[in-house]
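In: kindly generate the corresponding structure for this input.
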Amino acid sequence: MEIASRNEVVLVGRLSGDPVDKELPSGDVLRTWRLVVDRAPSKRPVPEGQRVSTIDTVDCFAWTAGLLRAAGSWTPGDVLEVHGSLRRRFWHTGGGVQSRTEVEVTKAKRLSRAA
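Out: Modelled structure (predicted):
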């Protein structure tokens, strides 16, 4: 039996800052933002004196007109639900090749406004 692969991401988190627009060489515009998402508690024992992260920050981006409009009304602290796919981008720099993993968002909604 062959198992079909899937790349589906659903996140609920707090917007950490204002969404930022980036213009690509093609002229297309990407809107990027970062979500702060609570991390499930680890079941591993933690050595005394060591801190364990309780959050993850996840970079997200969208390029469709509807999401560009929606993200324009978001403010830091808003709680968002996003759906999309995990993407890994590569680019060349003077120091070599770098990469970043992000979520390409296809659907998003604000669940609550910042306090």
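In: all strands of this structure, in order?
Out: Ranges of strands within the chain are 9-15, 20-23, 29-38, 55-62, 79-93, 96-112, based on DSSP state E.
In: in its sheet, what does the last one sit against?
Out: Taking DSSP bridges as the criterion, strand 96-112 forms sheet pairs with strand 55-62 (parallel), strand 79-93 (antiparallel).
In: repeat for the first one
Out: According to DSSP bridges, the neighbouring strands of strand 9-15, each with its direction, are strand 29-38 (antiparallel), strand 79-93 (antiparallel).
In: picking up where we left off before, okay, the strands paired with strand 96-112, which one's buried deepest?
Out: strand 55-62 (a mean of 17; mean count of other Cβ atoms under 10 Å). Every residue, glycine included, has its C-beta placed from N, CA and C.
In: check the offset of that one from the chain's centre.
Out: Here the centre of strand 55-62 is set off from its chain's centre by 2 Å, with Cα atoms, centre = their mean, to the nearest Å.
In: can you report how many residues neighbour W33?
Out: As a burial measure, W33 scores 23 neighbours (other Cβ atoms under 10 Å).
In: can you check the one 10 residues further on too?
Out: Look at K43: counted by other Cβ under 10 Å, it has 5 neighbours.
In: so G17 is in contact with W33, correct?
Out: Yes. Between G17 and W33 there is a contact at 7.2 Å, judged by Cβ atoms under 8 Å.
In: list residues touching both of these two?
Out: Common contact partners of G17 and W33 (Cβ atoms under 8 Å, 6 or more residues apart in numbering): none.
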